[in-house]
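Visitor: give me a 3D structure for the following:
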Amino acid sequence: MKLSIKIIIIWLVILGSYFLFINIYPTYKTPLSAHLNQFIQSLLFVITFYIYKNEKSKLSKFIFLNFTIFFSLSIFSLGYDFVSKDFLIEKYTRHIIIQYLILAYSLCLFISIVYLVVDNMFRSLKIYKKYLVTFGIISLFFIYFLSPFIKDPLYLYSTEDIKQWKEIDAYASKFNEVPSPIEIANNLTLHSWIDGKAVGELYPEENLKRIELLSLYLSRDNDNWRVLFLKPLYLRVIYFDVLIIGFILLFFGYQYKKDPPQSAYIDKIMFLFLILISMDVLHNWGFIKSIEWGSLSQLFNFGQYITILSELSMILFFSLRLKFIRSVQGEFYETEIADNPQGISRWRDLIDNYVLSHFFNYKIFNGRLFQNPSSK
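Guide: Presented below is the predicted three-dimensional model:
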């Protein structure tokens, strides 16, 4: 059986299992864009798994093992739809699972990108040392940004914003219409909160400012408070995304400066991740700046469709990578990259040939594969 057919069959089994369980167990409604994103990522999971399995180069093998783990989270995302009172009855189960799933996405992608950059810059290091460097870098940010979520799975329920909003909401619920911020401030003094505990009352000026800000999230008809509730989580995702973008730019900067021979299609894949994560930053920033939960949901859906376009392109380049490493040329090239990187030039793919033929003198580069290290 051809490998491409096997990959499609496995992917269809994953989707078929999902739709079968939908008819057996009740599920929560998920936006179509989110479903498409999960389905595409599950296909990328299968493709990257077979890349990992077919890689002859030990160096590249671990790069794609990291990507396989990252895309495997899509299976857990599909399973999240079935977490309900009929399956898991704990009150905060869905919140805890989606919270850690979002953070796991950021963390696994961070590991994948940082390891690739470390591998590119320090090819002579042993694999376990590359992982030590990778986890050493990541642990600094992991401890700083995620320690509140590690200490308390319900941290988002204890932030000062939410505690003060609850005070305002409890007062405003006594009236048929939401009172004005000045009216609320005249009758309610908010507390300052640390670690979920009230430690004192605000001064009048600060009290009014906080009430004016948090009153924007008061509403009788919708869930605007959820924007305020999720803000710390999405803010940390943005921090991680910005750091990942920084490492991707470091990758391209090193490529531009040193121009080392690179495994086929890695640069294209990194560029697609740059687009993907940049868009993720934009719509997550829109999340935390939004007031209306409805507009936040619309922005989320729009961001998902941009993500889908990037991931469809990833399917193309990951598939080309898989096809390449299974070819005689690909196996030889990847072996030379690992054993004698100074004696071989960079592999040219279809996009490289297109750029060369339209913007450079193609004859100079035509057929160029090997180079003499002493000529540099």
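
Visitor: where along this protein do the helices fall?
Guide: 3-24, 32-54, 58-80, 93-121, 127-151, 160-172, 181-187, 204-214, 225-258, 266-289, 293-325, 328-339, 350-359, 362-365 (DSSP state H).

Visitor: which one of those lies closest to Trp193?
Guide: For the helices of the chain, distance to Trp193 was read as CB to CB. The smallest value, 4.3 Å, belongs to helix 160-172. Heads up, the C-betas are built off the backbone N, CA and C, glycines and all.

Visitor: quick check: buried residues in the closest one?
Guide: Glu160, Asp161, Ile162, Lys163, Gln164, Trp165, Glu167, Ile168, Asp169, Tyr171, Ala172 (16 or more other CB atoms under 10 Å).

Visitor: returning to that earlier point: output the helices of the chain as TSV; include the columns mean pLDDT and distance to Asp195.
Guide: Output for those, formatted as TSV (pLDDT from 0 to 100; distance: least, CB to CB, whole Å):
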stretch	mean pLDDT	distance to Asp195
helix 3-24	90	40
helix 32-54	90	33
helix 58-80	91	29
helix 93-121	92	18
helix 127-151	90	9
helix 160-172	90	10
helix 181-187	89	25
helix 204-214	91	18
helix 225-258	91	14
helix 266-289	87	22
helix 293-325	79	27
helix 328-339	70	51
helix 350-359	58	52
helix 362-365	50	62
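
Visitor: quick one, which of the ones you listed is nearest to Ala198?
Guide: helix 160-172 (7.6 Å).

Visitor: contact partners for Leu109?
Guide: By CB atoms under 8 Å, 6 or more residues apart in numbering, the contact list for Leu109 reads Phe70, Phe240, Ile244, Phe273, Ile277.

Visitor: just Ile269 next, same as before
Guide: Residues in contact with Ile269, defined by CB under 8 Å, 6+ apart, are Met314, Phe317, Phe318, Arg321.

Visitor: try it again with 7 Å
Guide: Met314, Phe317, Phe318 (CB atoms under 7 Å, 6 or more residues apart in numbering).

Visitor: from these, which single one is nearest Ser180?
Guide: Using CB to CB, Met314 is the member of the contacts of Ile269 that sits closest to Ser180, with 50.3 Å.
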